[in-house]
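J.: What follows is a predicted protein model with its sequence.
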Amino acid sequence: MNSQQPHGLPLPNTAIAFLWRYVTLRPWHFATLFLLIVGAASCAVAVQFGMKLLVDAMAQGREAAGHVWPPFTVFIALIVVENVFWRSGGYLGCRTVVASCADLRIDLFNHLTGHPMRYFSDHFAGALANRISSAGAAAGSIYGGLAWKIIPPCVDFIGAVVVLFTVRLSMGVALIGAVVVVATLITVMGLRGRSRHIDFASQAARVGGELVDQVSNVWTIKAFSARHRERRRLEQAIGVEAKAQRRSWIYLEKARVLHDICLSIMAGGMLGWSILLWQDGQITPGDVVMVSALSFRILHGSRDLALALVDTSQQMGVIAETLRIIVQPHALSDSAAELVPGRGNIRFIDVSYSYADGRGAIKHLFLDIPAGQKVGIVGPSGAGKSTLVSLVQRLDDVRSGVILIDDRDVRSVSQDSLRRQIAVVPQEPALFNRTIFENIAYGQPDATEQQVLDAARHAYCEEFIRDLPEGFNTLVGERGVMLSGGQRQRLGLARAFLKNAPILILDEATSALDTASETKVQMALDDLMRGRTVLAVAHRLSTVARFDRILVLQAGTIVQDGSPDELRHRKGPFQTLWQAQGMELGKR
């Protein structure tokens, strides 16, 4: 894979420019591959001329038998050189095309992950992954088709014209005219069928996303006895895809029929013409054999060319559809400036935020959180709690106002440097299907083994990890399904310990746990929060009862702000919530 790709260079949003980008990253590889293929195809045409010389020598009779061997030697030498060129091109093509397709998939993934979170809410995760894989396969098909199915027939045609000019000028002109007519017809059909190919690519990606969605939610399907319902839904989606595929396929077949008719007429006409010229004594038997061989070579080569062009049109549609969905401009601009690690002071200055549909989530918010303060954020569902903490992480941009961390506007620093200063423990930690060690080390990739072990100990993970068959080398399964909820949560805490960021965000970190698990997680949280700025979203008020400060949000605004003691004794939403959860006013 290419390690010299310019950082930050935007991806082209058209298929041709996108593919050309990876040619320019390996210019010498592709140039050498092109020369090898042109050389091999030229030798293949020259072989036909060598056959002509051999036949003409043999046509002179036995008395001229000595003249047969030089043409025979040339004929064999050309075949050997042709095969050397093809095999060298195959070796180089394998390395070049595979590496280029790997690069473009990585670049697409890198661009995809730069989109804000709202982008992923609008698209199937499975469909996005499928588009990247499909684009890689399509690019490989295009590069390979260009190398083995498009360039060789073109060289054959040029070589055949040159050779036919040596036989009869009018034959070369006729061949040019016939091929131009056929190429024009196939090209026009290819362009007219492009919309069908793009539609098929879009439907295929949609079905891929639907499949991933259903497999990911198989427990829900079983719990609601919905197998037959989901099957009908999938049948409907696949039916639409199949219809689009049939339209694309039938159009390909029409193009193939047109091509076969035209080329059969051309090959038959050229051969008949050469026989008539031979009868009139204007050309030799070797010329007839050569014209016949070249005509049929062009017939088969142009069939491959036509199929490759139509297939390329189809694959370009796949890439165009992928670029349309993935290579959109990032909604969040990024900066090269780094946020220097600080103490973790957070300020909101007249911040407003609304969703894409216009609904307001945060309205003219002013907030100052000193470094080291522990702040609980409570309120009813939809009040803007999770939105507030997501804006701190700059998962999206504010519509107006400014958010400062250690007196730096979060928009003026790189997103990665900002998020390195923030550790997040969500309600359901997202684990990769990797080992426990790798999942903990995700919080700090450069951590030593001892640092990972220390983080696991601080998060009270050691006991259950020791009981696992392979300890820290145990694979946790997709999204951590091999572990209990409490175990997953403690791994999430271990990540946060290892990251050791000055700002800690807890988003309902204990709400889904049983009492025993919550006790251990809460002990770990108490250790983790020490000396950090903490923002904790909570529905269960007991989890924030000992915090320094509570913010009560309603409809995107702060309606109460104070210590837990103050708010418990003051009439308002917090007191109502506290009483609703069965707590006494004086209880600590």
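T.: Nice, thanks for sending it over.
J.: use CA for all of it now, contacts and neighbours both
T.: Will do.
J.: quick check, residue 524 in a helix?
T.: Yes. Under DSSP: H, G, I helix; E, B strand; the rest coil, residue 524 sits within a helix.
J.: Taking the centroid of this structure, which residue is nearest it?
T.: Central residue of the chain (C-alpha atoms, centre = their mean): residue 132, 3.2 Å from the mean position.
J.: Going by secondary structure, that one is in what exactly?
T.: According to DSSP states H and E, residue 132 maps onto helix 125-145.
J.: pLDDT below threshold where in the stretch 201-350 of the chain?
T.: 216, 219, 223-225, 299-300, 303 (pLDDT under 70).
J.: can you map out the strands along it?
T.: 346-354 (DSSP state E, counting those that start in this stretch).
J.: ditto for the stretch 401-550 of the chain
T.: Using DSSP E, counting those that start in this stretch, strands in the stretch 401-550 of the chain cover 408-409, 422-425, 503-507, 533-537, 549-554.
J.: ranking the ones you listed by burial, who's on top?
T.: strand 533-537 (a mean of 26; mean count of other C-alpha atoms under 10 Å).
J.: From the contact counts, what lies against that one?
T.: strand 374-378, helix 385-392, strand 503-507 (3 or more C-alpha pairs under 8 Å, 6 or more residues apart in numbering; DSSP states H and E).
J.: Which one of these lies nearest to residue 315?
T.: helix 385-392 (38.5 Å; C-alpha to C-alpha).
J.: other SSEs contacting the closest one?
T.: Against helix 385-392 (3+ C-alpha pairs under 8 Å, 6+ apart) you get strand 360-369, strand 533-537.
J.: picking up where we left off before, give the buried residues for the helix or strand just after the helix holding residue 132.
T.: Using DSSP H and E, the helix or strand that follows helix 125-145 in sequence is helix 151-167. By neighbour count on 16 or more other C-alpha atoms under 10 Å, the buried set for helix 151-167 is 151-161, 163-164, 167.
J.: Quick check: buried residues in the strand or helix carrying residue 29?
T.: Secondary structure from DSSP H and E places residue 29 in helix 27-59. For helix 27-59, the neighbour count (16+ other C-alpha under 10 Å) marks 29-30, 33-34, 36-58 as buried.
J.: Next SSE downstream of it?
T.: helix 69-112.
J.: and that following helix, what other elements does it pack with?
T.: Using 3+ C-alpha pairs under 8 Å, 6+ apart: helix 69-112 touches helix 15-25, helix 27-59, helix 125-145, helix 285-326.
J.: For the next helix-or-strand element following it, give me every contacting residue.
T.: Counting by DSSP H and E, the next helix or strand C-terminal to helix 69-112 is helix 117-121. Applying C-alpha atoms under 8 Å, 6 or more residues apart in numbering, the external contacts of helix 117-121 come out as 395-396.
J.: Turn the strands of the stretch 401-550 of the chain into JSON lines, columns for distance to residue 82 and mean pLDDT.
T.: Output for the strands of the stretch 401-550 of the chain, formatted as JSON lines (distance: least, C-alpha to C-alpha, whole Å; pLDDT from 0 to 100):
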{"stretch": "strand 408-409", "distance to residue 82": "64", "mean pLDDT": "90"}
{"stretch": "strand 422-425", "distance to residue 82": "61", "mean pLDDT": "86"}
{"stretch": "strand 503-507", "distance to residue 82": "66", "mean pLDDT": "87"}
{"stretch": "strand 533-537", "distance to residue 82": "70", "mean pLDDT": "90"}
{"stretch": "strand 549-554", "distance to residue 82": "76", "mean pLDDT": "90"}
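J.: Can you lay out these as CSV showing distance to residue 311?
T.: Shown next, in CSV, are the strands of the stretch 401-550 of the chain (distance: least, C-alpha to C-alpha, whole Å):
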stretch, distance to residue 311
strand 408-409, 50
strand 422-425, 47
strand 503-507, 49
strand 533-537, 53
strand 549-554, 57
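J.: looking at the ones you listed, which is closest to residue 80?
T.: Going by C-alpha to C-alpha, the one of those nearest residue 80 is strand 422-425, 64.2 Å.
J.: what separates the helix holding residue 132 from the chain centre, distance-wise?
T.: Its chain's C-alpha centre and that of helix 125-145 lie 8 Å apart, by C-alpha atoms, centre = their mean, to the nearest Å.
J.: Need the single longest helix in the chain, by residues.
T.: When the chain is scanned for its longest helix (criterion: DSSP state H), the result is helix 227-279.
J.: Just want the angle from it to helix 151-167.
T.: Helix 227-279 runs at 10 degrees relative to helix 151-167, counting by axes from the mean of the first three to the mean of the last three C-alpha atoms, to 10 degrees.
J.: so helix 227-279 versus helix 285-326, what angle?
T.: Going by the same axes, to 10 degrees, helix 227-279 makes 150 degrees with helix 285-326.
J.: Show me what helix 227-279 is packed against.
T.: In terms of contacts (3+ C-alpha pairs under 8 Å, 6+ apart), helix 227-279 is packed against helix 169-192, helix 194-216, helix 285-326.
J.: returning to that earlier point: leaving out the residues flanking it, which one is nearest to the residue nearest to the centre of the chain?
T.: residue 105 (6.0 Å; C-alpha to C-alpha, 6 or more residues apart in numbering).
J.: tell me the contacts of the one you found?
T.: 132-133, 135-136.
J.: out of the residues you listed, who's nearest residue 385?
T.: Ranked by distance to residue 385 (C-alpha to C-alpha), the contacts of residue 105 are led by residue 132 at 33.9 Å.
J.: Go ahead and confirm the closest one touches residue 107.
T.: No. Using C-alpha atoms under 8 Å, residue 132 is not in contact with residue 107, being 9.6 Å away.
J.: Please report how far residue 529 lies from residue 493.
T.: In this view, residue 529 and residue 493 are 11 Å apart by C-alpha to C-alpha, to the nearest Å.
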